[in-house]
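Chemist: When you get a sec, could you give me coordinates for this:
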Amino acid sequence: MKLPIRMIGIAISVVWIFLIIFAVSAMYSMQDMQFNLGTPEITTTPDNEFLLSFPLYVMNPGLYNIANLNFTTEVFGRNGSEVAWGSTLVPIIPHSQAVNTTHVMSLNVTGLLQGNMDLLLNDSTLNVNENASMSAAEVVPVKASSSFDLPWGAPLDNLTFGMPETSVYNSSHMRVVVPVSFENHAFFNLTGTLNARISSISSVVPNFVSSCQVNLNVAKNSPCKMNLEFKIPIQTTQSIHLEILFKTQFFKYGPVVIDFGN
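Modeler: Numbering: from 1, shown residues only. As a prediction, the model looks like this:
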């Protein structure tokens with residue numbers, strides 16, 4: 001009985017050695033595996049979400065097939081909330097071959113800006129986590145992950161309100177012009193309206209005096225300068241209360257309140 005037991009022990013040892021060699025060989029063959037995410041194509045859904053479609057290239061130069069490659073990307077705002085997510089599954093990548101596919105992510109800009117209002121006014125960064133899981137030689141599980149910061153451009157970067165400029169309009173009214181400027185550093189065009197109203201602060205409760213509306217159509221990565229023009233009665237006090245509200249397809253911002261005068 002001793003001889004068969006010894007032979008079984010030797011057989012088990014040989015199997016383990018084979019499995020170890022196989023696993024090491026499978027892992028070694030993946031060391032030159034190549035991932036490449038291309039420049040995304042951006043489209044908009046009816047509910048104002050962005051779809052970012054990245055060309056994904058995967059090259060398997062190893063000796064074994066790779067199965068069930070799951071590539072996942074998560075994007076987080078500054079407050080830690082998830083604002084974008086995407087996952088791509090590639091069932092099989094044969095050895096010595098490449099696969100071209102598309103990695104699609106959905107980005108809720110409205111949710112991002114509502115939860116991170118500072119991103120409206122200041123360029124910043126978003127945190128990106130990438131995770132990949134697969135089976136080397138179709139049986140050996142492998143996982144990898146990485147994280148990096150993604151630049152974010154503010155749609156209302158360097159928002160500035162100039163001092164009002166006054167001039168005579170007619171015998172009863174004067175013209176008040178308030179300069180407004182900002183730069184759209186976002187990756188999307190900014191369309192919507194800017195609504196403004198002036199009130200007199202001669203009393204404890206501001207009294208409505210005048211209002212105006214300006215259409216916004218600012219291309220991405222472009223500056224914007226505009227003048228808000230009001231006609232107000234000459235007898236209005238020099239101290240005025242200005243409220244400005246931005247309304248776009250992705251966010252509302254305001255009212256921004258500014259008091260001018262003595």
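Chemist: how about the nearest residue to residue 105, chain neighbours excluded?
Modeler: residue 86 (3.2 Å; Cβ to Cβ, 6 or more residues apart in numbering). For glycine as for every other residue, the C-beta is placed from the backbone atoms N, C-alpha and C.
Chemist: Please tell me how far the helix or strand that neighbour falls within is from the chain's geometric centre.
Modeler: Using DSSP states H and E, residue 86 maps to strand 82-93. Remark: strand 82-93 is offset 17 Å from the chain centroid, using Cα atoms, centre = their mean, to the nearest Å.
Chemist: Same question for stretch 217-230.
Modeler: 22 Å.
Chemist: contacts for that stretch?
Modeler: For stretch 217-230, the external contacting residues (Cβ atoms under 8 Å, 6 or more residues apart in numbering) are 153, 175-191, 194, 196, 198, 209-212, 214, 216, 244.
Chemist: Any of the residues you listed buried? List them.
Modeler: 153, 176, 178, 180, 182-190, 194, 196, 198, 209-210, 212, 216, 244 (16 or more other Cβ atoms under 10 Å).
Chemist: Next, count neighbours for residue 158.
Modeler: 13 (other Cβ atoms under 10 Å).
Chemist: how close does residue 82 sit to residue 216?
Modeler: The gap separating residue 82 from residue 216 is 29 Å, by Cβ to Cβ, to the nearest Å.
Chemist: Just the pLDDT at the residue nearest to residue 105, thanks.
Modeler: With respect to pLDDT, residue 86 scores 88.
Chemist: Help me confirm that it comes into contact with residue 56.
Modeler: No - under the criterion of Cβ atoms under 8 Å, residue 86 makes no contact with residue 56, lying 10.3 Å away.
Chemist: Give me the common contacts of those two.
Modeler: Shared contacts of residue 86 and residue 56, defined by Cβ under 8 Å, 6+ apart, comprise residue 103.
Chemist: ok, residue 214 - contacts?
Modeler: Contacts of residue 214 (Cβ under 8 Å, 6+ apart): 193, 194, 196, 226, 228.
Chemist: and the gap between it and residue 189?
Modeler: Taken as Cβ to Cβ, the span from residue 214 to residue 189 is 16 Å.
Chemist: do the same with residue 199
Modeler: Distance from residue 199 to residue 189, by Cβ to Cβ: 32 Å.
Chemist: re the thing from before, I'd like the contacts of residue 214 laid out as JSON lines, including secondary structure.
Modeler: Formatted as JSON lines, those follow (DSSP: H, G, I helix; E, B strand; the rest coil):
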{"residue": "193", "secondary structure": "strand"}
{"residue": "194", "secondary structure": "strand"}
{"residue": "196", "secondary structure": "strand"}
{"residue": "226", "secondary structure": "strand"}
{"residue": "228", "secondary structure": "strand"}
